[in-house]
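Enquirer: Give me a model of this one.
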Amino acid sequence: MTIKLMLADDHALVQEGLASILQLDPELEVIATVSDGQQALDKLAQCEPDILVMDIRMPNLHGIDATRLVTQQYPNVKVLILSMHENSNYIVNALKAGAKGYLLKTSSTIELINAIKTVNAGQRYVSQELSFNILNDIVPDSQVSEISNRERQVLVCVAQGLMNKEIANQLHISVRTVEVHRLNLKKKLKIDNSAGLVRYALDQGFIQQQ
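Expert: Residues are numbered from 1 along each chain as shown. I've put the predicted structure just below:
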């Protein structure tokens, strides 16, 4: 069964390039392309994709505002943001608006396809280079300095709702190593259990409570 996609970007070349690349994967089908957030909402009334791959900076309706409306009006449609903006404010606001993933336009084709399939499977996806930006905002500086780079990556994955095996696969480490990092995070953040790590991220506004 193919994953149906709608692409929203105000640059025609980007639209055409993305569509051409994604159509090469037999599991993906681009069913519509639009130029802004308002067009995306209008088109969703006619056809409903599994995933809406959307830019942020577009005319008529900003991508984050469009994400919020899509999430409210079409809850079965998952939004994956594909943007040039790596500022943590954009990332956090997009996730809080309901986006299931956030990827940079500089990402590889392989990562984009992986992100689409991950989001379609019901998981969140934030590219690793962006994860560090987010962590600097959701964890106090005094605590960030105590957390290793790998622990930061694990915390972001935990906040995204990934299980140990999924985290291990995404970070290319063993499940046992993931368990050790989670234990260290609990000690450093003074959190008693794994649920507390997720709650910490929710309280800090990193992810939207389902």
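Enquirer: Mind naming the longest helix for the chain?
Expert: Longest helix in the chain, counting residues (DSSP state H): helix 175-189.
Enquirer: Remind me what it packs against, helices and strands.
Expert: Helix 175-189 is packed against helix 149-159, helix 164-171, helix 194-203, with contacts defined by 3 or more Cβ pairs under 8 Å, 6 or more residues apart in numbering; DSSP states H and E. In this view, the C-beta of every residue, glycine as well, is placed from N, C-alpha and C.
Enquirer: number of nearby residues for N60?
Expert: By the measure other Cβ atoms under 10 Å, the count of residues near N60 is 13.
Enquirer: That one against G37, yeah?
Expert: Yes. Contact status for N60 versus G37: in contact at 6.5 Å, counting by Cβ atoms under 8 Å.
Enquirer: winner for burial among the helices and strands packed on helix 175-189?
Expert: Highest mean neighbour count among those (mean count of other Cβ atoms under 10 Å): helix 149-159, with a mean of 22.
Enquirer: Check what contacts stretch 23-41 and list those residues.
Expert: Contact with stretch 23-41 is made by 2-10, 12, 15, 18-19, 22, 42-43, 47, 49, 52, 54, 58-63, 65-66, 69-70, 73, 113, 116-117, as judged by Cβ atoms under 8 Å, 6 or more residues apart in numbering.
Enquirer: rerun that using 6 Å as the cut-off
Expert: By Cβ atoms under 6 Å, 6 or more residues apart in numbering, the residues outside stretch 23-41 that reach it are 2-8, 10, 15, 19, 22, 43, 47, 49, 58-61, 63, 66, 113.
Enquirer: for it, what is the average pLDDT?
Expert: Stretch 23-41 shows a mean pLDDT of 95.
Enquirer: quick one: it to chain centroid distance?
Expert: Per Cα atoms, centre = their mean, to the nearest Å, the displacement of stretch 23-41 from the mean C-alpha position of its chain is 17 Å.
Enquirer: Alright, I will stop here.
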